[in-house]
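A predicted structure for the sequence below; I have some questions about it.
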Amino acid sequence: MAAQIWGSEKRARRRREISAKIAQMPELHDSKPLPFMTREEKIMESARKLTILTEKMGQIIDPTDPAELYHLNNEVLGLEGNPMALHGVMFIPALSAQASDEQQAKWLPRALRREIIGTYAQTELGHGTNLQNLETTATYDLATQEFVLHTPQITALKWWPGNLGKSSNYAVVVAHMIIKAKNYGPHPFMVQLRDEKTHEPLPGITIGDIGPKMAYNIVDNGFLGFNKYRIPRTNLLMRHTKVEADGTYIKPPHAKINYSAMVHVRAYMLTGQAIMLASALNIATRYSSVRRQGQIDKSQPEVKVLEYQTQQHRLFPSIARAYAFQFAGAETVKLYEHVLKEMKSGNVSLMADLHALTSGLKSVVTYQTGEGIEQARMACGGHGYSMASYISEIYGVAIGGCTYEGENMVMLLQLARYLVKSAALVKSGQSSKLGPLVAYLGVKSEPTSLIDRIPNSGFTEYVKTFQHVSKRQTLKAADMFFGLMEKGEKREIAWNKCSVELNRASRLHTRLFIVEAFVRRVNEIADIRIKEALTDLLHLHVNYELLDIASYALEDGFLSASQLDYIRDQVYLYLGKIRPNAVSLLDSWEFSDIELRSVLGRRDGNVYENLFKWAKSSPLNKTDVLSSVTQYLKPMMEKARL
Ligand SMILES: CCCCCCCC/C=C\CCCCCCCCCCCC(=O)SCCNC(=O)CCNC(=O)[C@H](O)C(C)(C)COP(=O)(O)OP(=O)(O)OC[C@H]1O[C@@H](n2cnc3c(N)ncnc32)[C@H](O)[C@@H]1OP(=O)(O)O
Ligand SMILES: Cc1cc2nc3c(=O)[nH]c(=O)nc-3n(C[C@H](O)[C@H](O)[C@H](O)COP(=O)(O)OP(=O)(O)OC[C@H]3O[C@@H](n4cnc5c(N)ncnc54)[C@H](O)[C@@H]3O)c2cc1C
């Protein structure tokens, strides 16, 4: 199963080897539990481990393999981030995709050797979503052949970029490029922010940390202002766009090609979210198989809480989602790598498809991951609320994904643009022009679902039902939009009036893709035992998801009330079937205790001993009487007693 999750036997074995090596290297372990550290201590601890990793990485992993790097990162540095989180996730990808060969030769080796630390500075205090209204300017000075970066007002301060505040000395900065008074829109520039020797901010740069956040606090998300700060013309990233010395602008082959670093993260973050969901579920499911509370049969002893159907219903559909996200994420990364290769050689024809797909997936996956993690926390009762479970930290980090890399509603609307265009093709009889991801929009569906009528139909009838509701909602939302425009409404106003319905279409389309990715994977599996276990999980997935969106299929009678009962019964049937495999389905992800950082979810299952030991190690318990008591509470009580 681990091979299915991680992509191959070799990958699963390598993960085990890496975890085993790290277990033998105490210098790479947290020196005390992270929840007992202040933010400053955590940042120091992370930097300590990061520098050891830089020295010893080659002994542990193949540093050129992103999957091994990511695993090493999760084990040693953890999900709260590190001083170079953005360096690997956005700075290097931005340089790799957007810098010319000559620029790459100059900067990439230095970045890869970690001579310099970089980030991606795009969002501003006043604007994150609407990139056209970013306010930082890069004005070309023909006389000196330099760009002058400037922050005209407070809302133009860069705000949020990870590791910008304190760690990075370089950044890819996105600014509106102005040449001879003409604004060419947002473009990426390589900018040195700090002196390489002293790490002091360079003259003309105002920089700092934006303060503590809901989670992810090891990362120093920062602010940045420029006061007429000059950089050479050749610091504009020039793989796709060029500016000649005389100010001539050579436009890129696709208007949005400079957005590739964002698409990179959107593609890669899906498996990151799956891992966080599976981690939280691993903790909750292990705990639920240890925790005994109440009886189902009063004549019997107290049961493990995992025996309760409500507990299973709370956890198991999310286990199925974690697998589904992992499989869909793996497919998306493959597609991304393919499109990136094509883009580098000038073929930009697949960019729109990839943008639509990743926009929908990042939105649905992050939202459902958040839901699943929060349910996992609640499934642990009181102990889930303790930082000993670590689930609240996992939640805080994962839920950030709903906002970063494009706010979810906004990204769903991006996919909706693509769906509406596809609907227009269907309506004008040009279905043959539909791309493979939306080809189903042009296929006539049966009048009713055959879900409970064709035994052994595999998952075909389920996929057809998901296709039906997605198609119907897309065409309905598109009709609504076109209808408003026909009545004379301006395009943007009509769009806004339909946007809730449009986003519903985007979610349904994306959920269909996730189901299909799960089906594709299960169909590929040769090992009969693995196939059987995953087929059960897939049954739960399709029935649970369909029940969740059933109103769309009931509206037009595609599903009947009796079919709904059938689907519901299937959910209960598969909850029971999955119960014996539940812990194994999560243990198969092979998270080490070091990586999980959860006292509640350790592999040994000694929940109560571990919790008591952890509580005793709390800094508050170093003394029996705290100074807050001697200084304030004791005098108050004494005064009251007088
Ligand atoms: C140790 C190292 C390990 C390395 C291992 C790697 C493994 C990594 C694994 C896991 C990763 C986990 C990551 C966790 C850590 C994450 C850290 C946090 C990082 C966060 C960084 C950021 O947030 S950066 C800032 C992100 N900002 C945004 O996303 C902004 C959102 N807004 C937009 O994208 C745009 O404004 C917009 C798309 C909403 C609109 O753009 P614009 O105004 O320019 O568009 P128009 O309206 O003019 O035109 C729309 C038109 O353009 C098309 N389009 C838009 N974008 C694209 C695109 N990217 N590609 C192709 N086409 C695009 C769109 O479809 C429209 O087309 P039409 O034909 O007109 O419909
Ligand atoms: C943990 C974290 C890390 C980050 N890291 C980075 C980084 O490294 N680099 C970087 O540059 N940025 C980073 N960001 C910033 C992030 O990319 C932005 O916050 C994000 O893109 C959302 O933009 P915003 O904050 O402007 O939200 P807003 O756009 O102000 O969103 C507020 C609300 O308005 C709605 N809204 C906005 N526009 C529309 C619209 N057109 N239609 C409908 N509804 C709309 C949204 O749906 C939302 O409900 C990070 C953010 C976080 C939380």
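Looks like it arrived, so ask away. Ligands and ions are numbered 1, 2, ... in the order given.

longest single helix anywhere in this protein?
helix 309-344 (DSSP state H).

From residue 403, how far out is the residue most central in space within the chain?
When C-alpha atoms, centre = their mean is applied to the chain, the residue found nearest the centroid is residue 269 (3.7 Å). According to C-beta to C-beta, to the nearest Å, residue 269 and residue 403 sit 12 Å apart. The C-beta positions use only the backbone N, C-alpha and C, and glycine is treated the same way.

Repeat that for residue 604.
36 Å.

ok, the two, which is more surrounded?
Neighbours per residue (other C-beta atoms under 10 Å) separate residue 604 from residue 403, with residue 403 holding more: 14 against 9.

contacting residues for the closest residue to ligand 1 within the chain?
Distances between the chain and ligand 1 by C-beta to the nearest ligand atom are smallest at residue 88, namely 2.6 Å. For residue 88, the contacting residues are 69, 73, by C-beta atoms under 8 Å, 6 or more residues apart in numbering.

Sketch out the low-pLDDT regions of this structure for me.
Nowhere does the chain drop to pLDDT under 70.

For it, which residues are neighbours of ligand 1?
66, 69-70, 73, 85, 88-90, 120, 122-123, 128-132, 162, 256, 259, 262-263, 265, 268-269, 272, 351-352, 355, 404-406, 410, 414, 417 (C-beta under 6 Å from any ligand atom).

show me where this protein has strands.
118-121, 137-141, 146-150, 158-159, 170-179, 182-192, 205-209, 222-226, 229-232, 242-243, 249-250 (DSSP state E).

out of the ones you listed, nearest to residue 465?
The closest of those to residue 465 is strand 118-121. By C-beta to C-beta, the value is 40.9 Å.

The closest one packs against which elements?
When contacts are defined as 3 or more C-beta pairs under 8 Å, 6 or more residues apart in numbering; DSSP states H and E, strand 118-121 packs onto helix 85-86, helix 92-98, strand 170-179.

Give me the sheet partners of the longest one and which way each runs.
If I follow you right, that is strand 170-179. The sheet places strand 170-179 alongside strand 118-121 (parallel), strand 137-141 (parallel), strand 182-192 (antiparallel), with pairing taken from DSSP bridges.

Residue 173: what's it in contact with?
Residues near residue 173 by C-beta under 8 Å, 6+ apart: 121-122, 136, 149, 158, 188-191, 224.

Pairing-wise in the sheet, spell out the partners of it.
Here residue 173, judged by DSSP bridges, has bridge partners residue 121, residue 189.

list the buried ones in stretch 239-248?
239-241, 243 (16 or more other C-beta atoms under 10 Å).

Same check on stretch 343-360?
So, applying 16+ other C-beta under 10 Å, buried residues of stretch 343-360: 343, 348, 350-351, 353-360.

cool, stretch 604-613 as well?
607, 610-611.

For these, give me JSON lines that also has distance to residue 570.
Formatted as JSON lines, these follow (distance: C-beta to C-beta, whole Å):
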{"residue": "607", "distance to residue 570": "33"}
{"residue": "610", "distance to residue 570": "38"}
{"residue": "611", "distance to residue 570": "38"}
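
Could you tell me which of those residues are located in helices?
Per DSSP H, those map to helices at 607, 610-611.

could you pick out which of the residues of the chain next to ligand 1 are near ligand 2?
Among the residues of the chain next to ligand 1, ligand 2 is touched by 120, 122-123, 128-129, 162, 404-406, 410 when using C-beta under 6 Å from any ligand atom.

Can you name the two of those residues that sit furthest apart?
Of all pairs in these, the most separated under C-beta to C-beta is 162 and 410 at 19.6 Å.

Those two: which is more packed in?
residue 162 (26 against 14).

List the single closest residue to the more buried one in space, sequence neighbours excluded.
residue 86 (4.0 Å; C-beta to C-beta, 6 or more residues apart in numbering).

Would you confirm that that neighbour contacts residue 122?
No. The pair residue 86 / residue 122 is not scored as a contact, 11.1 Å apart, by C-beta atoms under 8 Å.

list the residues that contact both of these two?
With C-beta under 8 Å, 6+ apart as the test, residue 86 and residue 122 both reach residue 161.

Taking this protein, what residue is nearest to ligand 2?
Closest point on the chain to ligand 2, by C-beta to the nearest ligand atom, is residue 128, at 2.4 Å.

Can you list phi and psi of the residue lying closest to that residue once chain neighbours are set aside for me?
Excluding the flanking residues, the one nearest residue 128 by C-beta to C-beta, 6+ apart is residue 160, at 6.9 Å. Main-chain torsions, residue 160, degrees, to the nearest 10: phi 110, psi -30.

What about residue 160, how many residues nearby?
Residue 160, neighbours per other C-beta under 10 Å, totals 19.

Equivalent analysis for residue 590, please.
Neighbour number of residue 590 under other C-beta under 10 Å is 16.

before we move on, what about residue 11?
Residue 11: 17 neighbours (other C-beta under 10 Å).

thought residue 513 was touching residue 360?
Yes. Contact status for residue 513 versus residue 360: in contact at 7.3 Å, counting by C-beta under 8 Å.

Hmm, residue 397 is touching residue 217, no?
No. Judged on C-beta under 8 Å, residue 397 makes no contact with residue 217 at a distance of 9.6 Å.

so what sits against both of the two?
80-81.

nearest residue to the residue nearest to the centre of the chain other than its sequence neighbours?
residue 401 (5.9 Å).

OK, contacts around that neighbour?
Here residue 401 is in contact with 269, 272-273, 362, 365-366, 369-370 (C-beta under 8 Å, 6+ apart).

The residues you listed in helices, which ones?
269, 272-273, 362, 365-366, 369-370.

In a markdown table: those, plus distance to residue 247.
Formatted as a markdown table, the ones in helices among the contacts of residue 401 follow (distance: C-beta to C-beta, whole Å):
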| residue | distance to residue 247 |
| --- | --- |
| 269 | 38 |
| 272 | 42 |
| 273 | 44 |
| 362 | 37 |
| 365 | 43 |
| 366 | 42 |
| 369 | 47 |
| 370 | 47 |
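
residues near residue 9, how many?
Counted with other C-beta under 10 Å, residue 9 comes out at 11.

Share the number of residues neighbouring the residue nearest to residue 162, please.
29.

For the residue nearest to residue 469 when sequence neighbours are not counted, list the residues it contacts.
Setting aside the residues directly before and after it, residue 469 is nearest to residue 552 in space (C-beta to C-beta, 6+ apart), at 4.1 Å. With contact taken as C-beta under 8 Å, 6+ apart, residue 552 is in contact with 469, 472-473, 504, 508.

That's all I had, so thanks and see you.
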